[in-house]
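Trainee: Sequence plus the predicted model coming up.
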Amino acid sequence: AVFNTWRGWPVKPTDIVDPILMADVIGRLDRVLGYLTQDKETQIDWIKKWFAWIFQHPGEKQQIAWVVVGEQGVGKSWIGNIFTKALMGGLWGSASPKVMDGDFSVEPFINKMFTFVDEAKFHSESGVDEIKKLIRGIDVPGAEKFQSARNYRLFSRIMFASNRLDLGIGQANVQDRALFYTRAYDREFRNCTEFEFRTWAETLKPWFQEFTNMMERRDVREHLMHYFLNLPVSKFEVESIK
């Protein structure tokens, strides 16, 4: 027998939408996603639909993970750590980049709906293969520390962030449709020196702190859940890497 232990999302959608608050919150989200895509509207739209699919279909994985590459200070860790954790609570998790080495562990993904891997770097083809199984499948072979290997039912979706463009993934794996890349703001995009870029990124800190404070508000979280649960999305759209 298989028991459904799913209790639903910890944050419920608002019953009454405040259009002014909703416009403010989504405008702020769009600004962060703009930083993480170099303002590519089609990619911003894809990311929002990727999140919407998780909230609308927790038991059916979209066959693709989001990888964001870029320099520090533009929101990669903020979206992976603060934004998603505020909406998912205990269903959120993070994993060390070591999870992608040969020493693969399923522990960071057990009983999670989302796992964030910061400073991601693939070191081997076998590591890439293990991660692809996790991205695409629910019945995943693996082992916890000091326990025998077995199959786990893992529903966690994965987001990767890295400061390096070369994550060690071979060209075949890039074309394999398991990973959707976005490139965040960097020195080249802003046409400035490393010092100038860091100075500019520093100016964003108060704004990110303000958004962090907003995410602690229940009404903000409830409006975001309403947005994601009602955003039209199809599996074809969210699995496309066009």
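Mentor: On my side now, so go ahead.
Trainee: for the protein, which spans come out with low pLDDT?
Mentor: 1-6, 98-104, 121-128, 141-149, 164-176, 241-242 (pLDDT under 70).
Trainee: cutoff 80 now
Mentor: 1-7, 96-106, 120-131, 139-151, 164-177, 240-242 (pLDDT under 80).
Trainee: Quick check, central residue of it?
Mentor: Nearest residue to the geometric centre of the chain (C-alpha atoms, centre = their mean): Met159, 3.6 Å.
Trainee: so which helix or strand takes in that residue?
Mentor: Using DSSP states H and E, Met159 sits within strand 157-162.
Trainee: what pairs with that strand, and is each one parallel or antiparallel?
Mentor: strand 65-69 (parallel), strand 114-117 (parallel) (DSSP bridges).
Trainee: how about the last one as PDB, C-alpha atoms only?
Mentor: Taking only C-alpha atoms (Å, rounded to 0.1, in the frame of the first residue of the first chain), the coordinates of strand 114-117 have been written out as PDB:
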ATOM      1  CA  PHE A 114      12.600  22.200  -3.200                       C
ATOM      2  CA  THR A 115      16.400  21.900  -2.600                       C
ATOM      3  CA  PHE A 116      18.800  24.800  -3.300                       C
ATOM      4  CA  VAL A 117      22.400  24.000  -4.300                       C
END
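Trainee: who touches that strand?
Mentor: Where contact means C-beta atoms under 8 Å, 6 or more residues apart in numbering, the residues beyond strand 114-117 that reach it are 54, 80-81, 84, 88, 91-97, 99-100, 108-109, 156-161. Yep, even glycine has a C-beta here, placed from its N, CA and C like the rest.
Trainee: and the strand holding Met159, how far out from the chain's middle?
Mentor: In terms of C-alpha atoms, centre = their mean, to the nearest Å, the centre of strand 157-162 is found 5 Å from the chain centre.
Trainee: Distance to Val220 and mean neighbour count added to the strands paired with strand 157-162, as TSV?
Mentor: As requested, the strands paired with strand 157-162 are exported to TSV (distance: least, C-beta to C-beta, whole Å; neighbours: other C-beta atoms under 10 Å):
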stretch	distance to Val220	mean neighbour count
strand 65-69	22	22
strand 114-117	18	23
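Trainee: I'd like those as a markdown table, with distance to Leu204 appended.
Mentor: Shown next, in a markdown table, are these (distance: least, C-beta to C-beta, whole Å):
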| stretch | distance to Leu204 |
| --- | --- |
| strand 65-69 | 16 |
| strand 114-117 | 20 |
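Trainee: Of all the ones you listed, which one comes closest to Pro10?
Mentor: Distance to Pro10, taken as C-beta to C-beta, is lowest for strand 114-117 among the strands paired with strand 157-162, at 12.3 Å.
Trainee: Dump the helix or strand where Tyr181 lies to PDB, keeping only the CA atoms.
Mentor: Per DSSP H and E, Tyr181 falls inside strand 179-183. Extracted in PDB, the C-alpha atoms of strand 179-183 (Å, rounded to 0.1, in the frame of the first residue of the first chain):
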ATOM      1  CA  LEU A 179      18.900  22.000 -17.100                       C
ATOM      2  CA  PHE A 180      17.500  25.400 -17.900                       C
ATOM      3  CA  TYR A 181      20.300  28.000 -17.800                       C
ATOM      4  CA  THR A 182      19.900  31.700 -17.100                       C
ATOM      5  CA  ARG A 183      22.700  34.200 -16.900                       C
END
